[in-house]
Structure formats: structure tokens, C-alpha cells
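Undergrad: Structure of the sequence below:
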Amino acid sequence: MIRLGFRHYKNLILHKAWADFRAEAERTYLGVVWWVLDPLINMAIYYLVFGVFLQMKTNDFIPFLLTGLVVWRFIEATVVRASNSILQNVTMVRQVAFRKIIFPLIAVGTCMMEYVFSLALLVVVLLICGYRPGVTWLAAPLVLLVELAFVLAMSLPLAVVVTFVPDVGKLISQLLRILFYLSGIFYTAKRLPPPMVPWLKLNPAIHIVEGMRDVLMYGVWPNWTALGVVGLLSVLVAGGGWLLIRRFDPLFAKRIAR
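TA: Got it, this is the predicted structure:
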């Protein structure tokens, strides 16, 4: 078996993420373009349903909807890919002795590269709709960092669970779908009955979505307190996930070999 030193992990993660990104772009007709088409198609669907049929649209409904969909797309796609990453790399897990944490990190890195295309689409649509960069746009990278921490907090523990209980992987998409409807993607919490709002705010994703809308659309600073709490808790949970993967690292090859 090949054993890698710690100093090689960073380059391995970056190179493998880039290789996976290029492979995905080359092996299908759409490739990473799907990260542009997917939010556009979903925007059209939800605009038709909620904006036209249910008459929930506002003057800024298109950028409002697209911002939420772009943010959510990264969360959903990354969590699904990263949580299954150890189980799906059977050959490497069996043959190469290195820390298995690299598999979810590679998945996250690949999705981050693809996320750039969705963010570029969002910026173009905002400019077309009349929004102009302001000083609050400088806070967007901080919101993205919180989103990344949140994704890692979900992905790392799930990567362990899915490896030992593969059936959980089939439930993740369904659980994420429930979270999607609780994240304020096509509605604002201000339009909901007041008793429901505190419960909705328990969902970390809604603070990330609202934070991105605040800085890009409304020209106001995000709720730093809410984002700070989400970021701190996400870092703690992600750290726990990291330790969990490290704790069970020797057992992954045996479990997958069954």
C-alpha cells in the first residue's frame, strides 16, 4: 500500500478536485454548464408556480428567486456528493493508506469550482435587473465562508454515517428537499405568520440565503449575529466530523470490503 505524507494532502486535494472538475466538464454535453442551467430552469418553474399561479411575485422576484436557488444549489449538490464520497471511492480506500478526509474535501473543492459558474450567472442577472455593486458586496465572501462552513458541517459527519449505513445516502436528497422548503428560497420570512418565524430561523440555511440577498440585492449589511452563530456552530460540527472521520479511518476499508 502507498502511504502519503501530510504535506502532500493539500496538493492532492487541489489536483484531484481540478481533475474531477475537468472530467465532469468533458464527459457530458452540458458538464459544468448545468450549474448555470439548473438554477435558470428551477427559477422558471418556481416563478411560474409561485409568481404567476399563486401571485406571490414582487418587483424583484426574479433576482430574489435566483439568489436563493444559486445559494441552495451549492449546499445541496455538495452535501450529496461529499457525503457519498468515501463510499464511492472503493478502490482508493482499499489500496491507498491515507486519511479518508480527503474524499469529502475533494468533493467540496470540485463543487466550489462549479459554484463559480452559478455565482457568475447570478451577478450577470443582477446587473441586467439594474442592481449595481456597492460596498455591501464586499461582505459576500464572508457569507460564502459561512456557507462553506455549513456545508462542511453537514458533509463530514454524513460521510461517516453513509459509509457504515449506505441506506442513509438514499435519504439525504429527501431530507435536503425538506430543508429546501424551509430555507426561504421562494418566499420571505416577513410574509409568514409571526409564530412561525422563530421556528424557521432555526434553519441555518435561511440565514445564509437572506445574508446573500441583503448584501447583493438590498445594499444592507447581513445579520452578523445570525451568521456568526451559524458560522461558529458549523465550524464546531465540521471539526467534530473531521475527528469522527479520523477516529474511524482504519475501519473504512474493512467496512467497504464487505
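Undergrad: Give me the residue at the spatial middle of the protein.
TA: The residue lying closest to the centre of the chain (C-alpha atoms, centre = their mean) is residue 75, at 1.8 Å.
Undergrad: Buried residues in stretch 157-171, which are they?
TA: Residues 157-160, 162-163, 169 are the ones in stretch 157-171 that count as buried (16 or more other C-beta atoms under 10 Å). The C-beta positions use only the backbone N, C-alpha and C, and glycine is treated the same way.
Undergrad: Can you list the residue ranges for strands in the protein?
TA: Assigned by DSSP state E, the strands in the chain fall at 2-3, 96-97.
Undergrad: Out of these, which gets the lowest mean score?
TA: Lowest mean pLDDT within these: strand 2-3, a mean of 47.
Undergrad: mean confidence score for the longest helix belonging to the chain?
TA: Assignment by DSSP state H gives helix 224-257 as the longest helix of the chain. For helix 224-257, mean pLDDT is 87.
Undergrad: excluding its backbone neighbours, what's nearest residue 119?
TA: In space, residue 119 comes closest to residue 70 once its chain neighbours are excluded; the distance is 6.6 Å by C-beta to C-beta, 6 or more residues apart in numbering.
Undergrad: Tell me how many other residues surround the residue lying closest to residue 36 once chain neighbours are set aside.
TA: Closest residue to residue 36 apart from its sequence neighbours, by C-beta to C-beta, 6+ apart: residue 121 at 4.9 Å. Look at residue 121: counted by other C-beta atoms under 10 Å, it has 19 neighbours.
Undergrad: which residues touch residue 121?
TA: 36, 39-40, 66, 70 (C-beta atoms under 8 Å, 6 or more residues apart in numbering).
Undergrad: biggest separation within the residues you listed, which pair?
TA: Pairwise distances across those peak at 11.0 Å for 36 and 66 (criterion: C-beta to C-beta).
Undergrad: of the two, who's got more company?
TA: residue 66 (23 against 18).
Undergrad: Could you report the separation of that one from residue 13?
TA: For residue 66, the distance to residue 13 (C-beta to C-beta, to the nearest Å) stands at 30 Å.
Undergrad: and if you look at residue 43?
TA: Distance from residue 43 to residue 13, by C-beta to C-beta: 32 Å.
Undergrad: what do you get for residue 206?
TA: 30 Å.
Undergrad: out of the two, which sits in the more crowded spot?
TA: Taking neighbours as other C-beta under 10 Å, residue 206 and residue 13 compare with residue 206 leading, 22 against 18.
Undergrad: In the stretch 51-200 of the chain, where is pLDDT below threshold?
TA: 90-97 (pLDDT under 70).
Undergrad: again, 80 this time
TA: Counting by pLDDT under 80, the ranges of the stretch 51-200 of the chain that qualify are 51-59, 89-98, 189-192.
Undergrad: Show me where the stretch 51-200 of the chain has its helices.
TA: Assigned by DSSP state H, counting those that start in this stretch, the stretch 51-200 of the chain shows helices spanning 61-83, 85-88, 90-95, 102-128, 140-164, 167-181, 197-200.
Undergrad: circling back: closest one of the contacts of residue 121 to residue 129?
TA: Proximity of the contacts of residue 121 to residue 129 (C-beta to C-beta) peaks at residue 66, which lies at 9.2 Å.
Undergrad: ok, for the closest one, nearest residue in space, not its chain neighbours?
TA: Closest residue in space to residue 66, ignoring its immediate chain neighbours: residue 43 at 5.1 Å, by C-beta to C-beta, 6+ apart.
Undergrad: May I ask you to confirm that the one you found is in contact with residue 62?
TA: Yes: counting by C-beta atoms under 8 Å, residue 43 touches residue 62, with 7.0 Å between them.
Undergrad: Looking at these two, which is more packed in?
TA: Shown here are residue 43 and residue 62; by other C-beta under 10 Å, residue 43 has more neighbours (24 against 18).
Undergrad: Show the contacting residues for that one.
TA: Residues in contact with residue 43, defined by C-beta under 8 Å, 6+ apart, are 62, 65-66, 69.
Undergrad: mind redoing it with 6 Å?
TA: 65-66, 69 (C-beta atoms under 6 Å, 6 or more residues apart in numbering).
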